[in-house]
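> coords below, sequence missing:
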């Protein structure tokens with residue numbers, strides 16, 4: 001009886017040691033989800049051509065955004081996320097032409113695709129993270145006038161922070177992001193510089 005107890009204890013210790021040595025690696029499957037939130041779009045107006053006698057002004061406000069998520073874990077703390085989104089912007093551009101005629105242009109809804117690299121600052125069920133990556137923004141609606149039309153896609157650099165919390169079957173993360181437009185989105189030669197600066201707050205869900 002004593003010998004059998006010793007053999008059973010040895011088998012238990014062996015199995016425990018083997019289980020620790022063969023711990024499964026982190027799952028690298030793509031995680032799908034969705035997001036929604038609000039954004040504040042600040043329309044930056046640069047110099048314009050004095051020969052056009054065009055005075056520019058902008059009205060900025062809160063908009064709405066929603067999208068889908070596809071996240072690929074690369075390392076225990078590093079992941080890559082593709083974020084196709086629709087951004088409903090609340091911006092108006094006003095101008096006065098050489099004939100002192102005032103007109104207003106409503107900025108278009110944009111379809112956006114961002115690719116972000118995220119780094120978790122700690123481990124555990126709740127952890128903050130930082131992100132950085134490029135974004136491409138395509139106008140989905142257009143309007144025209146004698147003097148002004150927005151047609152060019154925008155290229156941007158995004159940076160942000162988030163706080164991810166893991167539940168049993170899903171995870172969520174509020175995310176604050178700043179998007180800096182690096183190119184001129186005006187197609188009019190007389191207006192040299194029009195850019196978007198967007199601050200957004202979104203809630204992210206993964207299943």
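Done, it's in. From a predicted model like this one, the values you see are computed outputs, not experimental measurements.

> can you pull out the helices in this structure?
In chain order, the chain shows helices spanning 2-21, with DSSP state H as the criterion.

> what are the ranges of the strands in it?
For the chain, the strands identified by DSSP state E occupy 31-45, 55-60, 62-73, 78-88, 91-96, 102-106, 110-120, 126-139, 154-166, 171-181, 194-206, in order along the chain.

> model confidence over the second one, on average?
So that's strand 55-60. Summarised as a single mean, pLDDT over strand 55-60 is 79.

> Taking strand 102-106 as reference, get the angle to it.
40 degrees (axes from the mean of the first three to the mean of the last three Cα atoms, to 10 degrees).

> Direction included, what does strand 55-60 pair against?
Partner strands for strand 55-60, per DSSP bridges, with pairing direction: strand 91-96 (antiparallel).

> Just give me the neighbour total for residue 132.
Neighbouring residues of residue 132 were enumerated by other Cβ atoms under 10 Å; the total is 12. In short, each C-beta sits where N, CA and C put it, glycine included.

> mind listing what it touches?
Taking Cβ atoms under 8 Å, 6 or more residues apart in numbering, we find residue 132 in contact with 116, 117, 157, 158, 159, 160.

> how many neighbours does the residue nearest to the last one when sequence neighbours are not counted have?
Put plainly, it is residue 160. Distances taken as Cβ to Cβ, 6 or more residues apart in numbering put residue 177 closest to residue 160, at 3.5 Å, once the chain neighbours are dropped. Residues contacting residue 177 under the criterion other Cβ under 10 Å number 22.

> So residue 177 versus residue 102, what's the distance?
34 Å (Cβ to Cβ, to the nearest Å).

> Would you single out the least confident of the strands of the chain?
Mean pLDDT across those is lowest at strand 102-106; the value there is a mean of 71.

> Parallel or antiparallel, list what pairs with that strand.
Each strand paired with strand 102-106, and its direction, by DSSP bridges: strand 91-96 (antiparallel).

> what is residue 56 paired to in the beta sheet?
Beta-bridge pairing of residue 56, defined through DSSP bridges, involves residue 95.

> next one: residue 78
Checking residue 78 by DSSP bridges, which sets the bridge assignment, gives partners residue 119.

> wait, isn't residue 40 in contact with residue 63?
Yes: judged on Cβ atoms under 8 Å, residue 40 makes contact with residue 63 at a distance of 7.4 Å.

> Look at the two and report which has more neighbours.
Between residue 40 and residue 63, counted using other Cβ under 10 Å, residue 63 has the larger neighbour count: 20 against 16.

> Let me see the contact set for the more buried one.
Listed by Cβ under 8 Å, 6+ apart, the contact partners of residue 63 are 38, 39, 40, 41, 87, 88, 89, 90, 91.

> Pull the contacting residues for the third one.
Right, the one you point to is residue 40. Under the criterion of Cβ under 8 Å, 6+ apart, the contact list for residue 40 reads 60, 61, 62, 63, 198, 199, 200.

> Also the fourth one?
With Cβ under 8 Å, 6+ apart as the criterion, the residues that contact residue 41 are 60, 61, 63, 87, 89, 90, 91, 107, 196, 197, 198.

> could those be laid out in CSV, adding distance to residue 139?
Below are these laid out as CSV (distance: Cβ to Cβ, whole Å):
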residue, distance to residue 139
60, 17
61, 18
63, 14
87, 10
89, 10
90, 15
91, 12
107, 8
196, 11
197, 17
198, 14
